[in-house]
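Asker: Here is a sequence with its predicted model. Questions after.
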Amino acid sequence: MNLKRIYCNGSSLSAGGGLYENGVKEKYKEYYNLEWKDEKDVTYAKYIADYFKLDLIHDAQCGSGAPRLVRRTYEFIEQIGIEEAKKTLFLFEITDPIHRVDMYCNEIDDHMIVNVRYDDSDDGKLSALSVVYSYSPNNNPYPHNIFQGNIESQVKQYLDSFHNPIVYTNKFKGELLGLFSFLDKIGATYYYMFDNPTLKSHDIIYNELDKQHQLVIEDGVYTTSHFCHKHKLTIKDDTKGFTEDTHPGYWGYKKFSEIAIKFLEPRITPSIL
């Protein structure tokens with residue numbers, strides 16, 4: 001088996017969330033003489049792909065969670081076929097679906113990013129709603145205002161009437177395990193990071209899965225977010241407090257990728273040679 005590509009999926013923690021903001025980019029230029037057009041070009045997946053000389057399909061999306069990850073991964077495998085999936089290194093950064101609903105919109109004939117909040121409401125009802133195609137300006141064919149008004153109103157009505165965040169989360173505990181079982185069945189190579197343990201409720205199963213598939217960075221560090229907060233490598237840190245954005249910063253992604261490469265190299269290099 002020869003690995004030919006990396007497929008990365010996750011949330012803003014993998015997609016370079018916040019690094020697309022013009023003000024932030026100006027500060028990186030001012031402080032470090034760094035520039036980029038697409039924020040995904042300065043994320044860990046790009047550094048890892050470049051190091052191993054693999055093609056990169058960077059499918060992480062700001063605001064998304066496990067539901068989109070499961071759906072898009074199956075769609076990708078269906079597109080390339082089982083044999084090519086065996087030649088793919090899958091990297092997953094998994095965020096729970098409580099605040100991240102994957103919804104299809106007939107008006108645009110595509111899926112939307114639907115972010116919801118319940119924790120600001122005393123009665124547990126929907127307290128905040130954001131509907132977009134993408135938060136990043138790169139490759140975004142729809143302005144945010146196309147979803148405001150009628151679409152947001154319909155989404156809110158649906159969520160109020162037919163959506164329960166706990167039920168939705170429990171559903172994807174099984175969906176995620178189903179994806180991992182499928183990848184194991186076809187002999188695919190994959191590693192994951194969990195932003196929090198919400199979806200890892202099956203302790204006995206994950207005790208075994210983690211031994212083979214957890215991307216280990218440091219003790220107590222499970223994602224780019226944990227890493228960058230611990231080492232003060234967030235966008236806020238990089239820009240010297242210009243912004244309150246605590247997404248992973250440029251230097252955080254770079255240092256995280258260096259550790260991830262050391263972890264992956266003995267595990268995947270025999271497949272590349």
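Answerer: Received it, and whenever you're ready, just let me know what you need.
Asker: show me where the stretch 151-273 of the chain has helices.
Answerer: 165-186, 203-213, 224-230, 235-238, 250-272 (DSSP state H, counting those that start in this stretch).
Asker: chain center to the fourth one, what's the gap?
Answerer: Averaging C-alpha positions (C-alpha atoms, centre = their mean, to the nearest Å) puts helix 235-238 20 Å from its chain's average.
Asker: Which elements pack onto that helix?
Answerer: helix 22-32, helix 250-272 (3 or more C-beta pairs under 8 Å, 6 or more residues apart in numbering; DSSP states H and E). Glycine gets a C-beta too; all of them are placed from N, C-alpha and C.
Asker: still on that earlier bit, can you lay out the helices of the stretch 151-273 of the chain as TSV showing mean pLDDT and mean neighbour count?
Answerer: Shown next, in TSV, are the helices of the stretch 151-273 of the chain (pLDDT from 0 to 100; neighbours: other C-beta atoms under 10 Å):
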stretch	mean pLDDT	mean neighbour count
helix 165-186	95	16
helix 203-213	92	12
helix 224-230	96	22
helix 235-238	98	22
helix 250-272	90	17
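Asker: nearest to residue 119, of those helices?
Answerer: helix 165-186 (10.1 Å; C-beta to C-beta).
Asker: Ok, which of the helices and strands packed on helix 235-238 comes nearest residue 92?
Answerer: Nearest to residue 92 among the helices and strands packed on helix 235-238 is helix 250-272; the distance by C-beta to C-beta comes to 12.8 Å.
Asker: orientation of that closest one relative to helix 22-32 in degrees?
Answerer: 90 degrees (axes from the mean of the first three to the mean of the last three C-alpha atoms, to 10 degrees).
Asker: which residues touch helix 250-272?
Answerer: 1-3, 16, 19, 28, 32, 34, 42-44, 47-48, 51-52, 54, 89, 189, 191, 215-218, 224, 227-228, 231, 233-234, 238, 248 (C-beta atoms under 8 Å, 6 or more residues apart in numbering).
Asker: In strands, which of the residues you listed appear?
Answerer: 89, 189, 191 (DSSP state E).
Asker: for those, which one is nearest residue 181?
Answerer: Of the ones in strands among the contacts of helix 250-272, the one sitting nearest to residue 181 (C-beta to C-beta) turns out to be residue 189, at 15.0 Å.
Asker: got the contact list for the closest residue to the closest one other than its chain neighbours?
Answerer: Nearest non-adjacent residue to residue 189, counting by C-beta to C-beta, 6 or more residues apart in numbering: residue 89, 5.1 Å away. Taking C-beta under 8 Å, 6+ apart, we find residue 89 in contact with 3, 5-7, 52, 54, 189-191, 264, 268.
Asker: Residue 89 pairs with what?
Answerer: residue 6, residue 189 (DSSP bridges).
Asker: Now do it against residue 97, distance only.
Answerer: Taking C-beta to C-beta, to the nearest Å as the measure, residue 89 and residue 97 are separated by 24 Å.
Asker: Likewise for residue 241?
Answerer: For residue 241 relative to residue 97 (C-beta to C-beta), the value is 32 Å.
Asker: And the two? Which one has more around it.
Answerer: Comparing residue 241 with residue 97 by other C-beta atoms under 10 Å, the one with more neighbours is residue 97, at 26 against 8.
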